[in-house]
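Undergrad: Here is my input, please return the structure:
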Amino acid sequence: MRIIDHEVLRAAAAALIEAGGSSPEEAGVVARHLVEANLAGHDSHGVGMIPRYLQNAAAGVLHPGRTGRVVADAGVMIVIDGEQGYGQVIAKAATETAIARARETGAAVLALRNCHHMGRIGSYGEQVAAAGQVGLMFVNVTGSPSLVAPHAGFDPRFSTNPICLSFPGADGAPPVIFDAATSGVALGKCRVAMNKGEPMAEGLLIDAEGRPTTDPGVMFAEPQGALLPMAGHKGYGLALFCELLAGALTGAGTSQPGNPRSDAILNSMFAIVIEPGRLVDTAWLAAETRALLDHMRSSRSAPRQPVLIPGEPEIAARAARRAGGIPIDDTTFGQLRAAGLAAGMSAARLDALGLDLQP
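TA: Numbering: from 1, shown residues only. Below you'll find the predicted structure:
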């Protein structure tokens, strides 16, 4: 295990992504997004994704330098095709477009399709909340094979299909950010557990025969196992609506077998952004929000286990990791170094970036 300062890790990540064909500006945006995911405690969506990104760029299923194309723009409705460019870059810009449109018209409906992996969807919810707006975001995955079985099923039929709901904080308080996969766990968390040699919790995975297991390796074996939806039929219903909204309604396509599959990680997002002042007095809204959150926190709980508001665990993780560094397991560290070498970086350059062989 290595503990790496977040700025050192960000610089190393940017250099790796630039070696994969990105401009320094693009590499900086993607690297910052990934390291912010690590800082927030979501290592599944952090720098460990870089080897896959560079492989996809080399294979021609990720296209560095593409910034997306506006397909339709009419009133509150905006349709953007990401053209398989870096999702972190395109989704950030598309979210900013939706924020500006909602400020102008009161609301914006964004259909963003065909982006390479968008990363941690909560970052776009935070972007909306920082503008004082409300966000509802639904994401599906096309391109790569399905990972999650429907409720009562054994065979994968869709991916982890995250949902992000964001609400601005009251009077300068942190926003409320609910960001979760509709599966019981994200695939990236299985990768992290496998790299660390750790089992998963019960009730998250089944093997290829439909038997419950705690072995994360079933998700990387042939034949592959499956993730289970969170909360049984409830998570399944939410995941299905991610397919309908982010897949069908955006025009991107869903997980049905008539659509092509490859090794790409293609995300599409259906988002609604709302300017709350068009609906309600903002002073009243701030007071009501504050009172509600205080009411949640006032509940009795177990010792040293206070009731938290969605988004607060990430705030605590950021503070701890900014001060103490980001842990990177040895397997992930080796994968990052190998990805750099495969992209043509010298061993000396990787050593200088902190991706050296010696701890």
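
Undergrad: Run through the protein and note the low-pLDDT ranges.
TA: Counting by pLDDT under 70, the ranges of the chain that qualify are 359.

Undergrad: Does anything pack onto the longest helix belonging to it? Which helices or strands?
TA: Using DSSP state H, we find that the single longest helix of the chain is helix 87-105. Applying 3 or more CB pairs under 8 Å, 6 or more residues apart in numbering; DSSP states H and E, one finds that helix 87-105 contacts helix 24-39, strand 77-81, strand 107-116, helix 122-130, strand 266-274. Quick note: C-beta positions are derived from backbone N, CA and C, even for glycine.

Undergrad: Using TSV, lay out these together with mean neighbour count and distance to residue 247.
TA: TSV is the format used below for those (neighbours: other CB atoms under 10 Å; distance: least, CB to CB, whole Å):
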stretch	mean neighbour count	distance to residue 247
helix 24-39	21	23
strand 77-81	20	14
strand 107-116	25	9
helix 122-130	24	18
strand 266-274	25	6
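
Undergrad: among those, which is nearest residue 150?
TA: Minimum separation from residue 150 across those (CB to CB) falls at strand 266-274, 19.8 Å.

Undergrad: can I assume residue 280 sits in a strand?
TA: No: using DSSP: H, G, I helix; E, B strand; the rest coil, the secondary structure at residue 280 is coil, not a strand.

Undergrad: Based on its surroundings, how many neighbours for it?
TA: Residues contacting residue 280 under the criterion other CB atoms under 10 Å number 10.

Undergrad: where's residue 25 relative to residue 85, distance?
TA: The gap separating residue 25 from residue 85 is 13 Å, by CB to CB, to the nearest Å.

Undergrad: Give the buried residues for stretch 2-13.
TA: Of the residues in stretch 2-13, those buried by neighbour count under the rule 16 or more other CB atoms under 10 Å are 2, 4, 6, 9-13.

Undergrad: Contacts for that stretch, please.
TA: The contact list for stretch 2-13 (CB atoms under 8 Å, 6 or more residues apart in numbering) reads 30-32, 34-35, 38-39, 47, 50, 321-322, 324-328, 330, 333, 336, 353-355, 359.

Undergrad: got the domain boundaries for this protein?
TA: According to automatic domain parsing, the chain is divided into the following domains: 1-59+318-359, 70-184+228-297.

Undergrad: Make TSV out of those and add distance to residue 200.
TA: Converted to TSV, the domains of the chain look like this (distance: least, CB to CB, whole Å):
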stretch	distance to residue 200
domain 1-59+318-359	12
domain 70-184+228-297	9
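
Undergrad: Nearest approach to residue 197 belongs to which of these?
TA: domain 1-59+318-359 (8.5 Å).

Undergrad: before we move on, the earlier item: looking at the buried residues of stretch 2-13, which is nearest residue 104?
TA: For these, the nearest to residue 104 is residue 10 (33.8 Å; CB to CB).

Undergrad: one step back: in CSV, list the helices and strands packed on helix 87-105 along with distance to residue 249.
TA: Shown next, in CSV, are the helices and strands packed on helix 87-105 (distance: least, CB to CB, whole Å):
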stretch, distance to residue 249
helix 24-39, 25
strand 77-81, 10
strand 107-116, 7
helix 122-130, 18
strand 266-274, 6
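
Undergrad: Would you double-check that residue 327 falls in a helix?
TA: No: with three-state DSSP as the criterion, residue 327 is located in strand rather than a helix.

Undergrad: Let me know how buried it is, in neighbour terms.
TA: Residue 327 has 14 neighbours, counted by other CB under 10 Å.

Undergrad: Compare the domains of the chain and give me the one nearest residue 219.
TA: Among the domains of the chain, the nearest to residue 219 by CB to CB is domain 70-184+228-297 (7.1 Å).

Undergrad: and the closest one, how far out from the chain's middle?
TA: Mean C-alpha position of domain 70-184+228-297 versus that of the full chain (CA atoms, centre = their mean, to the nearest Å) differs by 10 Å.

Undergrad: quick one: contacts for the residue nearest the centre of the chain?
TA: With distances taken as CA atoms, centre = their mean, residue 120 lies nearest the centre of the chain, 2.1 Å away. By CB under 8 Å, 6+ apart, residue 120 lies in contact with 33, 36-37, 40, 42, 45, 179.

Undergrad: from those, which single one is nearest residue 81?
TA: Once CB to CB is applied, the member of these that ends up nearest residue 81 is residue 33, at 20.3 Å.

Undergrad: now the closest one, nearest residue through space, not along the chain?
TA: residue 88 (4.2 Å; CB to CB, 6 or more residues apart in numbering).

Undergrad: Check residue 214 too.
TA: The shortest distance from residue 214 to any residue other than its chain neighbours is 4.1 Å, reached at residue 199 (CB to CB, 6+ apart).

Undergrad: Also residue 91?
TA: Counting by CB to CB, 6+ apart, the residue nearest residue 91 is residue 118, at 4.6 Å.

Undergrad: Checking my notes, the one you found in a helix, right?
TA: No: checked against three-state DSSP, residue 118 lies outside a helix; its state is coil.

Undergrad: For it, grab phi and psi.
TA: Residue 118 adopts backbone torsions of phi -80, psi -10, taken as degrees, to the nearest 10.

Undergrad: Pretty sure residue 314 sits against residue 174.
TA: No: the criterion here is CB atoms under 8 Å, and residue 314 misses it with residue 174 at 9.2 Å.

Undergrad: before we move on, what SS does residue 323 have?
TA: Going by three-state DSSP: residue 323 is helix.

Undergrad: Nice, that's everything, thank you.
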